[in-house]
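Peer 1: Got a predicted structure plus its sequence, pasted below:
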Amino acid sequence: MNMSEHLHVVCQNCSTTNRVLRERLGAGAKCGTCGEPLAATAPFDLNAANFDRHIGSNELPVVVDFWAPWCGPCKMMAPAYEQAAAQLAPGVRLAKLNTEAEQALAARFGIRGIPTLVVFRNGREVARQSGALDAQGLVGWIKDSVQRT
């Protein structure tokens, strides 16, 4: 068995990095620490405490929605973002970061308008999109962004 058959996947519940067989990820793989499923089928929240772990330690692409609770377009896009997370699981993770609560992280990534979507792969930003998209637009943009990297 070679190393490419394994992935490092960070649990969206407890932020533990797990080493998982690629084919087991979508077949019920669970976190070795908390027992929660590792296939994230819904967006999960990021904050200053867990952001770097999820972005730097996941071998899966992570899409971050930089949003705020007062943002109308952010609220309108939220259901589409949930649909996209379900469609793209288990190969891509979708997360949300509240820029109102995490202003330093928003500044670190130069977020000037919201919603802004950023695709991270192996700890690096590989694509960025500002403005709300519908579910079909989200899935298409994310797939294109992930394939280009």
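Peer 2: Sure thing, it's come through.

Peer 1: Show me where this structure dips below the pLDDT cut-off.
Peer 2: Filtered on pLDDT under 70, the chain yields the residue ranges 1-4, 149.

Peer 1: remind me, longest helix of this structure?
Peer 2: helix 72-88 (DSSP state H).

Peer 1: which helices and strands does that helix pack with?
Peer 2: Secondary-structure packing of helix 72-88 (3 or more Cβ pairs under 8 Å, 6 or more residues apart in numbering; DSSP states H and E): strand 62-67, strand 93-98, helix 135-147. No exception for glycine: its C-beta is placed from N, CA and C like everyone else's.

Peer 1: neighbouring contacts of the second one?
Peer 2: This points to strand 93-98. For strand 93-98, the external contacting residues (Cβ atoms under 8 Å, 6 or more residues apart in numbering) are 12, 40, 42-47, 51, 54, 58, 60-69, 81, 84-85, 88, 105-106.

Peer 1: thinking in terms of the whole chain, how far from its middle is that strand?
Peer 2: Taking the mean C-alpha point of strand 93-98 and that of its whole chain, the gap between them comes to 5 Å (Cα atoms, centre = their mean, to the nearest Å).

Peer 1: Could you check the angle it makes with helix 135-147?
Peer 2: Compare the direction of strand 93-98 with that of helix 135-147 by axes from the mean of the first three to the mean of the last three Cα atoms, to 10 degrees and you get 110 degrees.

Peer 1: For A80, grab the count of nearby residues.
Peer 2: Burial measure for A80: 17 neighbouring residues, criterion other Cβ atoms under 10 Å.
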